[in-house]
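Novice: here is the input, now give the coordinates:
(4 chains)
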Number of protein chains: 2
Amino acid sequence: MREEILAYKRERILQEAVTLFYKRGFTGTTLDDIAAELGVTKPFIYTHFRSKVELLAALCQPTIEMSLDAIATAAAGEGTPAQRLFRAMADFAQVVLQRQANIAIFFREEKNLSDEALAEINTLRKKFDRLLSQLLRDGVAAGEFQIADVNVAALALGGMISWAYTWHRPEGRLALEDVCTRLAELALRMVGATPPVSASV
Amino acid sequence: MREEILAYKRERILQEAVTLFYKRGFTGTTLDDIAAELGVTKPFIYTHFRSKVELLAALCQPTIEMSLDAIATAAAGEGTPAQRLFRAMADFAQVVLQRQANIAIFFREEKNLSDEALAEINTLRKKFDRLLSQLLRDGVAAGEFQIADVNVAALALGGMISWAYTWHRPEGRLALEDVCTRLAELALRMVGATPPVSASV
DNA sequence: CCAGCCTGCTACTTGGCAGTAGTCTTTCAA
DNA sequence: TTGAAAGACTACTGCCAAGTAGCAGGCTGG
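Specialist: Residues are numbered from 1 along each chain as shown, chains lettered A, B, ... in the order given. This is a model prediction of the structure:
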């Protein structure tokens, strides 16, 4: 119970930090700003995070982990390579859009992370690329995909989805799920497969 | 001649600023750092740029203009929509990779730009999206492209190419031109057109 | 050879913000 | 009811970097 309250406070700090870092940037936001928004003072934050930089890492890392999980789960799942790629892209897109602010902050503020935190995250990103490339190779081997250069294709796919953090508006024309589906369809087309008409959700 | 020297000095400052902002980030770089690298002192920079923020804008804006030009020229050029799209994507990719550091700095440090500079750049970006969407619509009208949602497709294409600034290594496996060609091929596939086998350079 | 201007430098000021030392208050247990 | 401990606040420190005022030295035109 005590633990839970501690975790809750931590979570609230992170929420507010995400909002402000997203809106004004990491260096454009002071810890006093975050504290004020929460109705507390700066030392309060320091009882939960060692430094501003640690706060940054704490709001990037889990989101990158979620991205990796999305790809890993889909890649290891059921179905043909095309079905698995569709699932992987749609689920990854969902993480990107649901954690839009966290993703944006990570890509913008990478240079402000500590070397250790960045190294850990980069390990995750390498795994992400390897999994995606492998999935593409599986599809090529199965005769489902036509790809000139698997590595470039993996980077292009990853980029196409990641980029959505820059343009998606939650209150916009398309619902989040529709955007994910559309992007996954485009992804399949890119690798020379026809999108499954009635696949997944 | 006096003008030319002034322009040259300005250019050198920009070069060094790009290098350092790219490596250490905007706030992680001091004007003293840039001056030191050039073998001059901080007031020297202030005779050529009003402020650090103006320096940032001066190194972002022209690059965004080049991106827009690449798309605009290709879109208005000769050939079928598929040929023009191929050209547009390849040329845009070339700008992204040749000005990799400038592009990276712009996307990372957007929040540090002045409101005016950002507004100007955003106007350019809107034009970019409109041109690309229009080109896609032309292709659909001509029966060359199959696209479920033109706007999402335009954003996906733009993102796939833009993203290359995050992963391209000039000294890597593929030459810059090859990367551009590969990406343009993937782009055409994404919109349901077959890449021209022997198109452009 | 000299006057004055242009260019860049030395040597500041200033403000802002991360991080901290030490106090006060509130809560809970005995 | 009291004592102790946890948790949060007030009120700092110290540093760092943007931006500036005013000087010096060399080039140019007379």
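
Novice: give me the nearest residue to residue A:134, chain neighbours excluded.
Specialist: residue A:75 (7.1 Å; CB to CB, 6 or more residues apart in numbering or on different chains). From N, CA and C alone the C-beta is placed, and that goes for glycine too.

Novice: and what of residue A:85?
Specialist: Nearest one to residue A:85, counting by CB to CB, 6+ apart, is residue A:135 at 5.8 Å.

Novice: same question for residue A:165.
Specialist: Counting by CB to CB, 6+ apart, residue A:103 is the residue found nearest to residue A:165 once chain neighbours are left out, at 4.5 Å.

Novice: mind listing what that neighbour touches?
Specialist: A:63, A:67, A:95, A:96, A:162, A:165 (CB atoms under 8 Å, 6 or more residues apart in numbering or on different chains).

Novice: among those, which are in helices?
Specialist: Per DSSP state H, helices hold the following members of the contacts of residue A:103: A:63, A:67, A:95, A:96, A:162, A:165.

Novice: just the residues you listed now: which is nearest DNA strand C?
Specialist: Checking the ones in helices among the contacts of residue A:103 against DNA strand C by CB to the nearest atom of the strand gives residue A:63 as the nearest, at 21.2 Å.

Novice: do I have it right that the closest one meets residue A:107?
Specialist: No. The criterion here is CB atoms under 8 Å, and residue A:63 misses it with residue A:107 at 10.7 Å.

Novice: neighbour-wise, which of those two wins?
Specialist: residue A:63 (21 against 18; other CB atoms under 10 Å in any protein chain shown).

Novice: please list all residues in contact with the more buried one.
Specialist: Counted by CB under 8 Å, 6+ apart, residue A:63 has contacts A:95, A:99, A:102, A:103, A:106.

Novice: can the helix of greatest length in chain A be found next to DNA strand C?
Specialist: Longest helix of chain A, by residue count under DSSP H: helix A:115-141. No. On the criterion CB under 7 Å from any atom of the strand, helix A:115-141 is out of touch with DNA strand C, staying 13.6 Å away.

Novice: buried sites along that helix?
Specialist: Going by neighbour count (16 or more other CB atoms under 10 Å in any protein chain shown), the buried part of helix A:115-141 is A:117, A:120, A:121, A:128, A:131, A:132, A:133, A:135, A:136, A:138, A:139, A:140.

Novice: relative to residue B:18, how far out is the closest residue to the third one other than its chain neighbours?
Specialist: Closest residue to residue A:121 apart from its sequence neighbours, by CB to CB, 6+ apart: residue A:64 at 5.3 Å. With the distance defined as CB to CB, to the nearest Å, residue A:64 ends up 27 Å from residue B:18.
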